[in-house]
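*Asks:* Give me a 3D structure for the following:
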Amino acid sequence: MNKSKAIFGNAIVIRKWNLSSIFKAIRKQGPISRIELTEITGCSAGTVSNHVRTLIKKGFVIETEKGVSSGGRKPVQLMINPNKAYIFSIEIEVSQIKILMFDLELKVVMKSIIPVIYKDNYMKTLEQVFFEMDKMIEEKNLKLDNFLGIGVAVPGLIDKVKGILEFAPNLGWKNVHISRIFKDKYGLPIILDNEAKVAAIGERESIYPKINNMVFVSINEGIGCGIFINGELYRGASGNAGEFGHIIIDTNGPVCHCGNKGCWETFASESYIFNRYLKLSNSNKELTKKEVYQLGKSGDKKIIEIFNEAGRSIGIGLVNIINGLSPELVVIGGGVVEIKDYIYNEIVKILEESALSISYRSVKIKFSKLGSLAAVYGMADLIINERIKFI
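*Replies:* Reported below is the predicted structural model:
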């Protein structure tokens, strides 16, 4: 009896995996024929035919115009039905929140960016998010049944299983039951994840699908990393691997939000750039990050030197990552991409001086092509891949 249950259980797992693989192939490669699906997925023709039938019956896949024939009858092409379902993908940052609605082809249907006004009150902040989401749903004349789920990316440590944001040092939020709050409001499946990890997913899935060993370094107010090892996102025992922003660079350095001294992000983040400028300029004027960056781009030598300092410090942290993990690719993302022309040369100088030559020769350094949207794309991709298993 137990053996029968195990066999049945394994069959269900295999079915879900095959279904997800076929759906993903159609989403990535479509329009595509059934024959091409067997070649890409490695599934048998019968398996492809059965799962495609299920996907069509459920409305997730549609047949479209016939493809080019190599002789004989033209093959019917398959593609995703983009309007079958939608996804809300939300990225909570320190100063703003991005709220995007995607269709099943990962095309942006609606987008809203709102400022974080009540930083010290997470419930008021989330109510702002709900207000924007409700507006989008109403404007598109949709119902909650039209949504696969909601993904929420946060800049902090999480308990992914329980859906709890345990600590976001740059936000000051602790033990916030994000998933429960969203579930109570909308009754939809919720996925909570770390911003850097889903940004890594977004960049890899959209831009570098063939890269198996990659580190995405997200540099905003703080620094976090998403790590792919042998094609799999590495989460570690706690689920929070990749907090390289808190490796110690200088034990006598400034106090970090995490409580330690001299963390990498205290020397290399956007917070460092902004605070360093305020200190050196002796200015009481409250400037936004965008205004500080624009001053540097306009030729302010003081700010350009701060950019260079940050670039050198970013390089120091990357030396540790490259020496320790030896990835094929390091992608630098986050808000700091705006000043990539001012930091890249400084980063490379440090890497050439200090990285192990055998590891440095094997790695490429790139800036994010998805830019500030890497995390929301990754979150939407994660929702689709998780939820399609349950159709």
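
*Asks:* the helices in the stretch 151-300 of the chain, which residues?
*Replies:* Remark: helices assigned in the stretch 151-300 of the chain by DSSP state H, counting those that start in this stretch are 178-186, 195-206, 265-268, 270-281, 289-297.

*Asks:* which of the residues in the fourth one are buried?
*Replies:* Neighbour-count burial for helix 270-281 flags Glu270, Ser271, Tyr272, Ile273, Phe274, Arg276, Tyr277, Ser281 (criterion: 16 or more other CB atoms under 10 Å). C-beta: built from backbone N, CA, C; applies to glycine.

*Asks:* again with the first one
*Replies:* Of the residues in helix 178-186, those with enough neighbours to count as buried (16+ other CB under 10 Å) are Ile178, Ser179, Ile181, Phe182, Lys185, Tyr186.

*Asks:* which ones are touching the fifth one?
*Replies:* With CB atoms under 8 Å, 6 or more residues apart in numbering as the criterion, the residues that contact Lys185 are Phe130.

*Asks:* where does Lys369 land in three-state SS?
*Replies:* coil (DSSP: H, G, I helix; E, B strand; the rest coil).

*Asks:* What of Ile114?
*Replies:* strand.

*Asks:* Identify the residue spatially nearest to it, adjacent ones excluded.
*Replies:* Ile97 (5.3 Å; CB to CB, 6 or more residues apart in numbering).

*Asks:* what's the domain layout of this structure?
*Replies:* When the chain is parsed with automatic domain parsing, its domains come out as 2-80, 86-198+375-390, 208-368.

*Asks:* worst average pLDDT in those?
*Replies:* Note on the domains of the chain: lowest mean pLDDT is at domain 2-80, with a mean of 81.

*Asks:* Could you give the separation of that one from the chain centroid?
*Replies:* Its chain's C-alpha centre and that of domain 2-80 lie 27 Å apart, by CA atoms, centre = their mean, to the nearest Å.

*Asks:* Repeat that for stretch 92-110.
*Replies:* 11 Å.

*Asks:* what's the answer for stretch 300-315, then?
*Replies:* Worked out by CA atoms, centre = their mean, stretch 300-315 lies 26 Å from the chain centre.

*Asks:* Kindly report the same for stretch 327-338.
*Replies:* Computed by CA atoms, centre = their mean, the separation of stretch 327-338 from the middle of its chain amounts to 12 Å.

*Asks:* how about it: buried residues?
*Replies:* Within stretch 327-338, the residues scored as buried using 16+ other CB under 10 Å are Pro327, Leu329, Val330, Val331, Ile332, Gly333, Gly334, Gly335, Val336, Val337, Glu338.

*Asks:* Who are the contact partners of Thr41?
*Replies:* Counting by CB under 8 Å, 6+ apart, Thr41 touches Asn18, Ser21, Ile22, Ala25, Val48.

*Asks:* The last one is in contact with Phe23, isn't it?
*Replies:* Going back to what we said before, that points to Val48. No. Judged on CB atoms under 8 Å, Val48 makes no contact with Phe23 at a distance of 11.3 Å.

*Asks:* And the contacts of the helix or strand where Ile358 lies?
*Replies:* Using DSSP states H and E, the element containing Ile358 is helix 357-360. For helix 357-360, contacts defined as CB under 8 Å, 6+ apart pick out Ile322, Asn323, Ser326, Leu351, Glu352.

*Asks:* From the residues you listed, list the buried ones, please.
*Replies:* Ile322, Leu351.

*Asks:* ok, which pair from the contacts of helix 357-360 is furthest apart?
*Replies:* Greatest spatial distance in those: Ser326 and Glu352, 16.4 Å, computed using CB to CB.

*Asks:* and Leu144, how many residues sit next to it?
*Replies:* Neighbour count of Leu144, defined by other CB atoms under 10 Å: 9.

*Asks:* what separates it from Ile137, distance-wise?
*Replies:* As judged by CB to CB, to the nearest Å, Leu144 and Ile137 stand 8 Å apart.

*Asks:* same thing with Ser238?
*Replies:* 35 Å.

*Asks:* Those two: which has the busier surroundings?
*Replies:* Neighbours of Ser238 and Ile137, each counted by other CB under 10 Å, are more numerous for Ile137; the result is 19 against 12.

*Asks:* Shouldn't the more buried one be within a helix?
*Replies:* Yes. According to three-state DSSP, the state of Ile137 is that of a helix.

*Asks:* how much space between it and Asp145?
*Replies:* Per CB to CB, Ile137 is found 11 Å from Asp145.

*Asks:* if we can go back for a sec, in a markdown table: the buried residues of helix 270-281, plus distance to Tyr86.
*Replies:* Output for the buried residues of helix 270-281, formatted as a markdown table (distance: CB to CB, whole Å):
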| residue | distance to Tyr86 |
| --- | --- |
| Glu270 | 32 |
| Ser271 | 35 |
| Tyr272 | 38 |
| Ile273 | 37 |
| Phe274 | 36 |
| Arg276 | 42 |
| Tyr277 | 41 |
| Ser281 | 46 |
